[in-house]
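>>> Provide a 3D model corresponding to the input given below.
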Amino acid sequence: MTEQFTVAGQSIPTITMGYGGFLVLWGIVVSQLSDASSLTSYIPSFMGIPLLVSGILASKFPEKRKLWMHIAATFGLLCALGGLDFLRGMFSDEGPFALPAAGASKLMLLITGSVYTYICVQSFIHARKAREAREE
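Okay, the predicted model is just below:
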């Protein structure tokens with residue numbers, strides 16, 4: 001069993017940095033393009049910062065990688081859970097895209113947060129199996 005779990009040839013810390021950077025940019029770009037006056041339009045950016053930092057720290061300090069990746073996975077799960085608010089909009093009279101930028105951001109958080117969390121869980125399973133194989 002290989003030691004490092006990868007997706008499309010990228011390590012999980014690299015994916016985490018990319019995902020965090022994407023969220024930071026998404027929040028800034030969508031907020032500026034939609035002329036949003038609410039701080040909530042920056043929620044993707046607020047979620048992306050700890051992901052970006054966790055990915056960087058997991059790369060810089062491999063001995064603490066497990067800690068930083070669990071923190072990152074927690075923020076990925078929070079992204080997915082926050083994105084569930086998109087479903088609430090589906091049951092409103094105006095629909096989930098009454099505010100197009102907000103609806104798009106919620107849907108993006110739901111999808112990307114779910115995929116990212118799934119990838120993290122798969123990497124944790126892989127790491128446990130690799131550790132058990134080393135101990136045998």
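
>>> can you pull the contacts of the residue nearest the centre of the chain?
Centroid check for the chain by C-alpha atoms, centre = their mean gives G76 as the closest residue, at 3.7 Å. Counting by C-beta atoms under 8 Å, 6 or more residues apart in numbering, G76 touches Y19, L51, G113, Y116, T117, C120. Just so you know, the C-beta spots here come from the backbone N, C-alpha and C atoms, and that holds for glycine as well.

>>> and those residues as a markdown table, adding pLDDT and secondary structure?
Conversion of the contacts of G76 to a markdown table gives the following (pLDDT from 0 to 100; DSSP: H, G, I helix; E, B strand; the rest coil):
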| residue | pLDDT | secondary structure |
| --- | --- | --- |
| Y19 | 99 | helix |
| L51 | 99 | helix |
| G113 | 99 | helix |
| Y116 | 99 | helix |
| T117 | 99 | helix |
| C120 | 98 | helix |
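
>>> nearest to K106, out of those: which one, please.
G113 (10.3 Å; C-beta to C-beta).

>>> quick one: the strands in this structure?
Shown for the chain, the strands assigned by DSSP state E span residues 6-7, 10-11.

>>> point out the most buried one among those.
Among the strands of the chain, ranked by average contacts under mean count of other C-beta atoms under 10 Å, first place goes to strand 10-11 (a mean of 15).

>>> against Y118, how distant is the residue nearest to the centre of the chain?
Distance, G76 to Y118, by C-beta to C-beta, to the nearest Å: 9 Å.

>>> now S41
As defined by C-beta to C-beta, S41 lies at a distance of 26 Å from Y118.
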